[in-house]
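J.: Test case, fold it:
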Amino acid sequence: MPTSTEDREWAARAASGDQDAFREIYRAHVRPVYWIAHGILGSAPDAEDVAQETFVVAWRKLPGLELAGDSLLPWLATICRFQAANRLRILRRDRANTADALEETIPDTVSVEDQVISAALAERIAEEVGRLDETDRRIFRLCAVEGYAYQVAAEELGVSHAVIRNRLSRVRTRLRGAAQEMRDA
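T.: Okay, the predicted model is just below:
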């Protein structure tokens, strides 16, 4: 966990457009943000998406942020909860309008116990990312970590939008599999 000084320095630098400082914020807080989202949504894929959306929103809002406390985490958690609530509304609306979705269970409450961070799971995911080939790692870093849009990542890497979409989908499936193995073990 970063110190309050580190969070404040990173926030100030990131607010002025320093992407390296924002990466530090991401690295320091992505796990708790993910687990907050997972505790609300109960779904790893949805939690991944909401965590990514949280940091995209944070990047846009950082220039106007006046950090009240010592940590960025409460602010990020608030953004995450709003993003998760939006996702729940969409899922419920879709569930109400789709026969197939009626079997899905979407939680109505948040369990504090379900928000506990698993260091072993995070380590396993990091290990799996390290095993990806260079192109997949770069795609994952650009899209999942840094929040690049697929088209921007495609231009950066000199490939098509479809290549980014397909390879990132395979990477996410692989990471979900690694996470499931940890849960089943």
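
J.: Least confident secondary structure element in this structure?
T.: The weakest-scoring helix or strand in the chain, judged by mean pLDDT, DSSP states H and E, is helix 119-131 (a mean of 71).

J.: Check which residues of the following helix or strand past it are buried.
T.: As assigned by DSSP states H and E, the chain's next helix or strand after helix 119-131 is helix 134-140. Within helix 134-140, the residues that qualify as buried are Asp136, Ile139, Phe140, counting by 16 or more other CB atoms under 10 Å. Where C-beta positions appear, they are placed from N, C-alpha and C, glycine not excepted.

J.: What mean pLDDT does helix 134-140 get?
T.: The average pLDDT for helix 134-140 rounds to 87.

J.: Domain map for the chain?
T.: Under the assignment automatic domain parsing, the domains of the chain span 1-116, 118-185.

J.: taking the mean pLDDT, what do you get for the longest one?
T.: Translated: domain 1-116. Mean predicted lDDT for domain 1-116 stands at 79.

J.: Can you name the residues that contact the spatially most central residue of the chain?
T.: By CA atoms, centre = their mean, the chain has its centre lying nearest to Ala51, at 2.7 Å. Contacts for Ala51 (CB atoms under 8 Å, 6 or more residues apart in numbering) come out as Val30, Val33, Tyr34, Ala37, Cys80.

J.: tell me which residues of the host helix or strand of Val163 are tucked away?
T.: Using DSSP H and E, Val163 maps to helix 161-184. When neighbours are counted by 16+ other CB under 10 Å, the buried residues of helix 161-184 are found to be Val163, Ile164, Arg165, Arg167, Leu168, Val171, Arg172, Arg174, Leu175, Ala178, Ala179.

J.: Return the distance of the third one relative to Arg172.
T.: Yep, that's Arg165 we're talking about. Arg165 sits 11 Å away from Arg172, going by CB to CB, to the nearest Å.
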